[in-house]
Structures are given as C-alpha cells and as structure tokens.
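Peer 1: next comes the sequence, and after it the predicted model I'd like to discuss.
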Amino acid sequence: MRISILEDDLTQAEMLRWILESAGHKCHLFHKFKAFQNAMHRESFDLILLDWILPDGNGPSIVEWMRSTLKSNAPILFITSKTDEENIVEALNSGADDYMLKPIRRAELIARTSALLRRAYPELTTPEHFVIDQFEFYPKFYSVTFAEKRISMTQKEFELGLLLFRNLGKPLSRSHIQETVWGRDTHLPSRSMDTHISRVRSKLDLRPELGFKLTPVYGYGYKLEKIEKLLTGQATSALNNYA
C-alpha cells in the first residue's frame, strides 16, 4: 500500500519508512506541513502517518484540514509522545483513526497499520478473490471474469483494472497508479498510462449505461465510479471481450 509519513525528525521518519517498507508498503516522507499540503493536492495515499508537532503546524489542525478540505478518506495514524488522555481524545476527535506512542515498536506499528488498512479496505482480507457486481478478479492468476466468462487482459491491464476497482469512487493520482502498477523507479510516458486506461475501459466495458464510469481527473489522475445504470437489462455487450 502507498503510505505518506509526515514527520520532521529525519531519523524517526527514516525508521518509520524502513519498518513499513520491510512489510511491503511504499512510503513517501514529508518533513513540513507545507510540502505535505502541496503533495496532497496532486497525490493520493492509502494511509497517512502523522507526527503531532511540526515546524509549521500541529497534528490535530492538520487532520481537521485533511478531513474538511480533501476528498481522500484515507485512515490517519498519529505518532506522538503525548500521553495525556486529553491529547489522545483531541487527536481522535480531530478525525484521526488511531494513535501510537513513541518510542515506536516495530511489531506494533506493522500491526496497527495492517489493522487500519484492513478496516479501510476490507477487500484486502480476501486477496485471492475480489468480487464486485458480476466482475470477479483472481490476483494470483491475473484473471478476471464477467458473468463467469473470462476477459482477456495483459498482466498490467489486469493490475490496473484491479487497482481501480479496489479504489472504486476514490480519485487516484497518476503517481499512485504508476507506482502501484509499474513501480516507483520505472520511467512511464504519460501516453502509455492513458493507453492502458483506454484498454481497461474497453475490455471491461466500463460505460455509464452499464453502471460504471472511468474518467480522468484534470491535473490529478483517474477515478472509477459506480453509477446507476442508464439502460436496463443484461450488459451483453461486454461479452465481446471474452476469451
């Protein structure tokens, strides 16, 4: 999963990144609220880790800004040295989902982030088989079916389609999509991603009249939405994509 870490202590931030990346996550570090704020307008993350005290802001006010301003509903985990009950209550009331006290313990951090991710993205608890409407995704085999008929897709097309469906209704930044499907260090021309999006839209028949709409978000990325079907009856046109 893609995790943002807002922590001004460089040593602490690197330790958090090391722990979470050792558990298979991809982490992005920010040491000031302003840099984090700018990134949040153009990026999407699955989880936010947040220090209480920063050079240009404090935790609760940052959480309130995120919850009131951003479209993201990603879970937020406070990392703090404050142990008073009133501070903990303030953190949770501001919109945070959980908190941890410093010094950080590796096993506890992994357990808490895993719990938050399972709660926010329950489909991750059944990675072998992901179902939505008549679509069934089988990650182990890079296979997807519609109405029990297999749709022919390349591995990257499958991974992109699964990512979009697992984040249904959530805008995903281009960086988020690239990092998840192609990897952080891969140079991917913008046109290549757009081509893959077009192929996924076509092969899965993601059209409003069939209940799904895949659209670009200007200057940001893409968003797959489930909408009320404009036409009644079975989505028979999707059968043309079956192998």
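Peer 2: Received, thanks. It should be emphasised that the depicted structure is a prediction, and the values quoted were computed from it without experimental measurement.
Peer 1: pull the number of nearby residues for the closest residue to residue 182 other than its chain neighbours.
Peer 2: Excluding its sequence neighbours, the residue lying closest to residue 182 (Cβ to Cβ, 6 or more residues apart in numbering) is residue 188, at 5.2 Å. The C-beta positions use only the backbone N, C-alpha and C, and glycine is treated the same way. When counting by other Cβ atoms under 10 Å, one arrives at 15 neighbours for residue 188.
Peer 1: per-residue pLDDT, residue 188?
Peer 2: As summarised for this prediction, residue 188 has a pLDDT of 77.
Peer 1: which SS class is it?
Peer 2: coil (DSSP: H, G, I helix; E, B strand; the rest coil).
Peer 1: distance check, it against residue 56.
Peer 2: 33 Å (Cβ to Cβ, to the nearest Å).
Peer 1: wait, residue 62 sits on residue 33?
Peer 2: Yes: counting by Cβ atoms under 8 Å, residue 62 does reach residue 33; the two are 5.8 Å apart.
Peer 1: the two - which one has more neighbours?
Peer 2: Higher neighbour count among residue 62 and residue 33: residue 62, with 25 against 21, using other Cβ under 10 Å.
Peer 1: the more buried one sits in which helix or strand?
Peer 2: Assigning secondary structure by DSSP states H and E places residue 62 in helix 59-69.
Peer 1: and that helix, how far out from the chain middle?
Peer 2: 19 Å (Cα atoms, centre = their mean, to the nearest Å).
Peer 1: which residues are contacting it?
Peer 2: 6, 33, 36-37, 40, 48, 50-54, 72, 76, 78, 80, 90-91, 93-96 (Cβ atoms under 8 Å, 6 or more residues apart in numbering).
Peer 1: what does the following helix or strand past it contact?
Peer 2: Proceeding N to C from helix 59-69, the next assigned helix or strand is strand 76-80, under DSSP H and E. By Cβ under 8 Å, 6+ apart, the residues outside strand 76-80 that reach it are 7, 12, 16, 47-52, 59, 63, 66, 87, 91, 95-102, 104, 112-113, 116.
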